[in-house]
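Need a 3D model of the sequence below.
(one chain, ligands or ions: 1)
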Amino acid sequence: MTEQLYFDDPLTLDFTAEVTQVLALPDGRFGAVLPRTYFYPTSGGQEHDTGSLGPARVVDVVKRDGGILHVLDREIDPGPHPARIDGARRFRHMQHHTGQHILSAAFIEVLGINSLSANINGDTPSTIDLDAGQASITGAVSGSDLNRVETFANGILFEDRRVSSYYVSDAEVPTIPFRKPPKVSGRIRVVEVDGFDVTPCGGTHCLSTGMVGVLKIVRTERVNQKLRIHFVAGAQALDFFQRVQAAAQGAAVRLDSSLDGVVENVERLQSQLKQANFDLENLREIALEAEAGELAGAADVIGTRRLVTARFEGRDPAELRTLAQKLRNRAGTVSLLAAFDGRKLSLVAACADDTGLDARDLLQKHLAPLGGRGGGEAALAQGGGPADGRALETLFDNTKGYLEG
Ligand SMILES: [Zn+2]
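Below is the predicted model:
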């Protein structure tokens, strides 16, 4: 057994550790055994502490064989060592864990919804899982309900109520007004927020609710039959506010807007962009129609057919296809349009119905010498392949012959 000193004193971060045993672990790391420790092991939904033990980093702390194992990044000798717990990480866990008790109790107090479980994180938002069946038929809680819960919970923080911990026996359990019954038996640790919440818990907590600072629900998520509440508290809440404020302020400056006007201004811009894209699409259509007319006007007349050939540099193949479609609608017109992006050739062939020609054959005739591939239908076929400038120069050379033959 390891004596867990953090239970009664969560603020001590520096101490002299008496290392009685150092184990070589299967993963190449080392595990230190202490008869007494302030290091918190991962348990009860709260992550472990980190820190140092002599020259070694404490990278993990786990419960093992009824004791606590301090996982080290290097081997140390047994004996006394100066130990230090990473204070910022511990304090974030304390703030989040205390915040979780208060938020869970606030959901019951304000909405009558019980929490099922919780997960405490120092770096990412912590979570509380609510019974979705209780939350509502759809498992959702409205934004205004969340605001009410959040405001109530923060009220408890602002009142700076005392948070105490003590132990009770199984026999005393029925006399304690627990929010949730204990899952363990024997000597049960109780964490009490003065006059508000009593719960069995083995985590590290603030000594008063004021130490939590502030608490903010950041999002909700449906997970099977649960409604997961993501929240931040204390130092992490400050990080969150700073990031959100920087993002919102950055957007406001770029929009030449007040902070409160950002959403309205973004909506206005979205609407303008939608209209501009619509207008652009129309103009593009008109331009392509005019271009098709010009190309058709410059076609080579071969018997009853008209041959359009054109080469473009770096033109979008999709636009090339639209252009070919427009030419395809003109009687007697056979079109062969090429686009070259410096490395690759894109080719579109189009044959009006009355030409009696198959665009796939025309495409294949030009792509085969280049080792390219393509396909489509008799009226319009599209493909491409590797090409160089020389291949481009001779690309259309034999097209007339093909049409004449
Ligand atoms: Zn707790």
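
In space, what's closest to the closest residue to the ion within the stretch 151-300 of the chain - neighbours in sequence excluded?
Proximity of the stretch 151-300 of the chain to the ion (CB to the ion) peaks at Cys201, 3.2 Å away. Any C-beta I mention is one placed from the backbone N, CA and C, and that applies to glycine too. Leaving aside its sequence neighbours, Cys201 sits nearest to Val191 (CB to CB, 6 or more residues apart in numbering; 4.4 Å).

Any idea how many residues pack against the one you found?
Val191 has 21 neighbouring residues, counting by other CB atoms under 10 Å.

residue contacts, the closest residue to Ser258 other than its chain neighbours?
Take Ser258 and drop its neighbours on the chain: the residue closest to it by CB to CB, 6+ apart is Ala252, 6.5 Å away. For Ala252, the contact set (CB atoms under 8 Å, 6 or more residues apart in numbering) comprises 258-259, 261-262.

quick one, phi psi at Gly122?
The phi/psi pair for Gly122 (degrees, to the nearest 10) reads phi -90, psi -30.

give me the number of residues near it?
23.

quick one: pLDDT of the closest residue to Phe107 other than its chain neighbours?
Distance criterion CB to CB, 6+ apart; nearest residue to Phe107, sequence neighbours excluded, is Ile113 at 4.7 Å. Note on Ile113: pLDDT of 90.

Helix, strand, or coil at Ile113?
Judged by DSSP: H, G, I helix; E, B strand; the rest coil, the three-state class of Ile113 is coil.

That one touches Asp129, doesn't it?
No. Between Ile113 and Asp129 no contact is recorded; they are 10.9 Å apart, counting by CB atoms under 8 Å.

Which one of those two is surrounded by more residues?
Ile113 (22 against 19).

next one: phi and psi at the more buried one?
Per degrees, to the nearest 10, the backbone of Ile113 is at phi -110, psi 130.

For it, give me its contacts.
With contact taken as CB under 8 Å, 6+ apart, Ile113 is in contact with 107, 130-131, 134-135, 141.

now His97
His97 makes contacts with 46, 120, 201, 203-205, as judged by CB under 8 Å, 6+ apart.

Tell me, how many residues neighbour the residue of the stretch 151-300 of the chain closest to the ion?
Neighbours around Cys201, by other CB under 10 Å: 23.

again, but for Arg74
When neighbours are counted by other CB under 10 Å, Arg74 comes out with 11.

Centroid-nearest residue for the chain?
In the chain, the centroid-proximal residue (CA atoms, centre = their mean) is Thr124; its distance is 11.7 Å.

Fine by me, thanks again.
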